[in-house]
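> could you work out the structure for the sequence below:
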Amino acid sequence: MTGADTQIAMPAEDLEDLYENAPCGYLSLQPDGRIVKVNRTLSTWIGIPAEQLLGKRLHDLLNTSGRIFYETHFAPLLRMQGFFNEVALDLVTVDSKKLPVLANAMERRAEDGALLFTRVTMFQAAERRRYERELVEARAAADAAGATIKAKLAFEQQTAELREEFIAVLGHDLRNPLASISAAARILRKEKQTDRAIKVLDLMQGSVVRMSALIDNVLDFARGRLGGGITLERRAEHLEPLLRQVIEELRFSHLDRAIEVTIEFDGPINCDSGRIGQLVSNLLGNALTHGAPDEPVRLSAATVDGKLELWIANGGAPISTEAMTGLFQPFFKGEAGTSQRGLGLGLHIASEIARAHGGTITVSSDDKETRFTFVMPLD
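Okay, the predicted model is just below:
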């Protein structure tokens, strides 16, 4: 006999044992709904001998809510279509515990349509019920979390709107008195004044320039954090007059400092000139603040090979490696122990303006000089 002809000897299937000890519960109902046959599996589950179950109705094995549900939903469904599948029921065991099951039922009828009996199978469903319950609880928790998140988003939106209103009020209410102070200082500066008065007026004018720059930085930073970022209004403009105006404003507020300027542009430059002026003001103000007071601050701006290259250099102590890592971060305060004026936003705003123009700002620093370089492609 070859291997292909070999067959495993199987014992004859015992249909009675298959019925009695099946992995599911079996019962049969006569037309009046009384149990006429039940297998050992089901009787073992509920702890009631099979002979004691005979003559009972199916709803007698259910808890109160299950009886109501069975009589009002499942029994009519069975009578109407002759079967039902995966109906969730709760059997009551001999010790009054609840046994969750899933029931399937099918009627058997004679040729003339008369009901002969109804076969019912039941499968234990405790694990499935627990899973379904956990799923429902998880969904309810997710819905609650979603509602919480939605409420938080609504609150954040309302807060953002209030912040925007605050920013608008801040810009308006601070700029107007500064403009009045600046105008008054210029008027008095034109009149005959003592040397001391002239010095005080110059200090006032310098403070106005610095305060205006602080307001610009705060507003831009706040808008950026609210999601607006740095906004640009680009157009082709001659940039040199604006740069020289910014330089003169800072020179006027730092009368004791030397600023050396070289500007070589081929023609108009497509950019937001106001933002570029703000960038230069921040970089130049930073150099005047931190540079050696006895050395000049140098500024160079030129168009070279399809790019705008602008750098500002100052003498003095080099920037440490540790400080380099956070130089362009908001609220950066520089070296520990150094005297700081401002909020630490100037370099951050300058870098954001450069990025909005598609450009970059880099920095190099050694014992000879510290140089910030802005490079922007020319469209």
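> Met211: how many residues sit nearby?
Per other Cβ atoms under 10 Å, the neighbour tally for Met211 reads 16. From N, CA and C alone the C-beta is placed, and that goes for glycine too.
> right, I mislabeled it, should have said Leu99
Using other Cβ under 10 Å, Leu99 is surrounded by 20 other residues.
> just grab the bridge partners of it for me.
With DSSP bridges as the criterion, Leu99 is bridged to Leu91.
> got the contact list for it?
The neighbours of Leu99, taking Cβ atoms under 8 Å, 6 or more residues apart in numbering as the test, are Trp45, Ile46, Asp90, Leu91, Val92, Thr93, Gln124, Ala126.
> equivalent analysis for Tyr26, please.
Tyr19, Lys37, Val38, Asn39, Thr41, Leu42, Arg119, Val120, Thr121, Met122.
> if you set the cut-off to 10 Å instead, what comes out?
Residues in contact with Tyr26 (Cβ atoms under 10 Å, 6 or more residues apart in numbering) are 18-20, 37-42, 119-122.
> please apply the same query to Arg109.
Pro31, Gly82, Leu115, Leu116, Phe117, Thr118.
> mind checking what helix or strand follows the helix or strand that Thr148 is a member of in sequence?
Assigning secondary structure by DSSP states H and E places Thr148 in helix 126-190. Next helix or strand after helix 126-190 toward the C-terminus (DSSP H and E): helix 195-225.
> what helices or strands is that following helix leaning on?
Using 3 or more Cβ pairs under 10 Å, 6 or more residues apart in numbering; DSSP states H and E, the elements in contact with helix 195-225 are helix 126-190, helix 240-253, helix 273-290, helix 346-356.
> part of a helix, is Leu327?
No: counting by DSSP: H, G, I helix; E, B strand; the rest coil, Leu327 falls outside a helix, being coil.
> break the chain into its domains for me.
18-131, 145-229, 235-379 (automatic domain parsing).
> these: lowest mean pLDDT?
Confidence, taken as mean pLDDT, is least for domain 145-229 of these (a mean of 75).
> still on that earlier bit, dump the helices and strands packed on helix 195-225 into TSV; add mean neighbour count and distance to Leu310 as well.
Shown next, in TSV, are the helices and strands packed on helix 195-225 (neighbours: other Cβ atoms under 10 Å; distance: least, Cβ to Cβ, whole Å):
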stretch	mean neighbour count	distance to Leu310
helix 126-190	12	27
helix 240-253	16	8
helix 273-290	22	7
helix 346-356	22	10
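> determine which of the ones you listed approaches Ala301 most closely.
helix 240-253 (6.2 Å; Cβ to Cβ).
> centre of the chain to the closest one, how far?
Here the centre of mass of C-alpha atoms in helix 240-253, compared against the chain's by Cα atoms, centre = their mean, to the nearest Å, lies 42 Å away.
> got the angle for it vs helix 273-290?
Put simply, helix 240-253 runs at 30 degrees to helix 273-290, going by axes from the mean of the first three to the mean of the last three Cα atoms, to 10 degrees.
> can you list the neighbours in contact with helix 240-253?
In contact with helix 240-253 (Cβ under 10 Å, 6+ apart) are residues 202-210, 212-213, 257-259, 261, 263-265, 269, 273-274, 276-282, 284-285, 287-288, 297, 299, 301, 310.
> and if we set it to 8 Å?
With contacts defined as Cβ under 8 Å, 6+ apart, helix 240-253 is touched by 202, 205-207, 209-210, 257, 259, 261, 263, 265, 273-274, 276-277, 280-281, 284-285, 288, 299, 301.
> relative to helix 195-225, how tilted is that helix?
Going by the same axes, to 10 degrees, helix 240-253 makes 130 degrees with helix 195-225.
> end-to-end on stretch 23-37?
Stretch 23-37 has its terminal residues 17 Å apart, counting by Cα to Cα, to the nearest Å.
> now it, how far from the centre of its chain.
Counting by Cα atoms, centre = their mean, stretch 23-37 is centred 58 Å from the centre of its parent chain.
> which positions in that stretch come out as buried?
For stretch 23-37, burial by neighbour count (16 or more other Cβ atoms under 10 Å) applies to Cys24, Gly25, Tyr26, Leu27, Ser28, Leu29, Ile35.
> looking at those, spot the one nearest Glu86.
Looking across these and measuring by Cβ to Cβ, the closest to Glu86 is Cys24, at 12.6 Å.
> show me the contacts for the closest one.
By Cβ under 8 Å, 6+ apart, the neighbours of Cys24 are Thr41, Thr121, Met122, Phe123.
> which of the residues you listed are buried?
Thr41, Thr121, Met122.
> from Arg139, how far off is the closest residue in space to Ser212 that isn't next to it in sequence?
Spatial nearest neighbour of Ser212, chain neighbours left out: Leu178 (6.0 Å); criterion: Cβ to Cβ, 6 or more residues apart in numbering. For Leu178, the distance to Arg139 (Cβ to Cβ, to the nearest Å) stands at 57 Å.
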